[in-house]
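A.B. asks: Quick one, structure for this:
(one chain, ligands or ions: 1)
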Amino acid sequence: MSANKVSRVIEQYELTGVEESLVRDWTQEDDQRRKSIRELTSWFNQKLVMVILDEYTSGMIPSEYTIEGITKRLQARDSSASKYDDISDREIMTVVQWLQDNDVPVDDIIDDLVSYGTMYTYLKEVRGAVSPDSQPDQRSQEKRQSDVLESIRTDFSKQPERINSRLRTLRAHNQLPGTKADIHISVECNCPACGHAQPIADYIEQQGCTECEMHTRDELTPDQTNHGSHEDRDENTP
Ligand SMILES: [Zn+2]
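C.D. replies: Got it, this is the predicted structure:
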């Protein structure tokens, strides 16, 4: 029997396959698909609530609720964290009341929801998983810049098709020519200091503004100053 709460909850609620998903999504090499501790914790807690509701209400929830909303309100009940400030006591009470009306053991669920820290300990210490985020980034400056630029281009690559499908209504009403337009997307950013507009590729390659002093061109990056030590993202800190 493991003492870690995540292990216990997985076992108790028979959350099969969840261990593998957590480890896989945390250690995913692909930056785009890798999930943070924050995302995994929220996914896990929602999964737990879903399994419990399956048992007590056959998975039925009032149409004005979502699993995410129910989970958040339950977390908010016993927490004073500022991230729950926008959830009112009345909202919490309504959800709790509805759960109690369906005989759902509310206090047990709230006890079984896990925190970021618990999830981090589970992945790191119980499962021995290592996130690529916590390893030194071995890429060269140029490679890191081109990887980021590439992922931005991937984000935008589907936009022309989406825009064209939005234009379909106008084409259908003869408010545009019938042939699809050739749409190009370019991303520009404005310097926060001087306002100069520049293509995102220049901004990345020049390490900041191409016009004024708002750049890091003459500064060493952390891996040039100290052998690749890496600050943990805040969500990875137990
Ligand atoms: Zn500037």
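A.B. asks: Flag every residue of the chain that's near the ion.
C.D. replies: Residues of the chain lying close to the ion (Cβ under 5 Å from the ion) are 191, 193-194, 196, 209, 211-212, 214. No exception for glycine: its C-beta is placed from N, CA and C like everyone else's.
A.B. asks: Kindly give a single ChimeraX line that selects the buried subset of those.
C.D. replies: Applying 16 or more other Cβ atoms under 10 Å to those leaves a buried subset, and the ChimeraX line that selects it is:
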select :191,209
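A.B. asks: could you dump the residues of the chain next to the ion to JSON lines with secondary structure and pLDDT?
C.D. replies: JSON lines is the format used below for these (DSSP: H, G, I helix; E, B strand; the rest coil; pLDDT from 0 to 100):
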{"residue": "C191", "secondary structure": "coil", "pLDDT": "95"}
{"residue": "A193", "secondary structure": "coil", "pLDDT": "95"}
{"residue": "C194", "secondary structure": "coil", "pLDDT": "96"}
{"residue": "H196", "secondary structure": "coil", "pLDDT": "96"}
{"residue": "C209", "secondary structure": "coil", "pLDDT": "95"}
{"residue": "E211", "secondary structure": "coil", "pLDDT": "95"}
{"residue": "C212", "secondary structure": "coil", "pLDDT": "95"}
{"residue": "M214", "secondary structure": "coil", "pLDDT": "94"}
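A.B. asks: would you list every one of the strands in the chain?
C.D. replies: 188-190, 197-199 (DSSP state E).
A.B. asks: mind putting these in a markdown table, mean pLDDT included?
C.D. replies: Converted to a markdown table, those look like this (pLDDT from 0 to 100):
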| stretch | mean pLDDT |
| --- | --- |
| strand 188-190 | 94 |
| strand 197-199 | 95 |
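A.B. asks: Now do S58 against the ion, distance only.
C.D. replies: Noted for S58: a distance of 59 Å to the ion, by Cβ to the ion, to the nearest Å.
A.B. asks: just checking, E188 touches A201?
C.D. replies: No - look at E188 against A201 with Cβ atoms under 8 Å: they stay out of range, at 10.0 Å.
A.B. asks: circling back: in JSON lines: the strands of the chain, plus mean neighbour count.
C.D. replies: Formatted as JSON lines, the strands of the chain follow (neighbours: other Cβ atoms under 10 Å):
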{"stretch": "strand 188-190", "mean neighbour count": "13"}
{"stretch": "strand 197-199", "mean neighbour count": "13"}
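A.B. asks: Would you reformat the ones you listed as a markdown table and include distance to E20?
C.D. replies: Supplementary listing: the strands of the chain in a markdown table, determined by distance: least, Cβ to Cβ, whole Å:
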| stretch | distance to E20 |
| --- | --- |
| strand 188-190 | 40 |
| strand 197-199 | 42 |
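A.B. asks: same for the helix of greatest length in the chain, what does it pack against?
C.D. replies: Determined from DSSP state H, the single longest helix within the chain is helix 37-57. Applying 3 or more Cβ pairs under 8 Å, 6 or more residues apart in numbering; DSSP states H and E, one finds that helix 37-57 makes contact with helix 18-27, helix 67-77, helix 106-112, helix 116-121.
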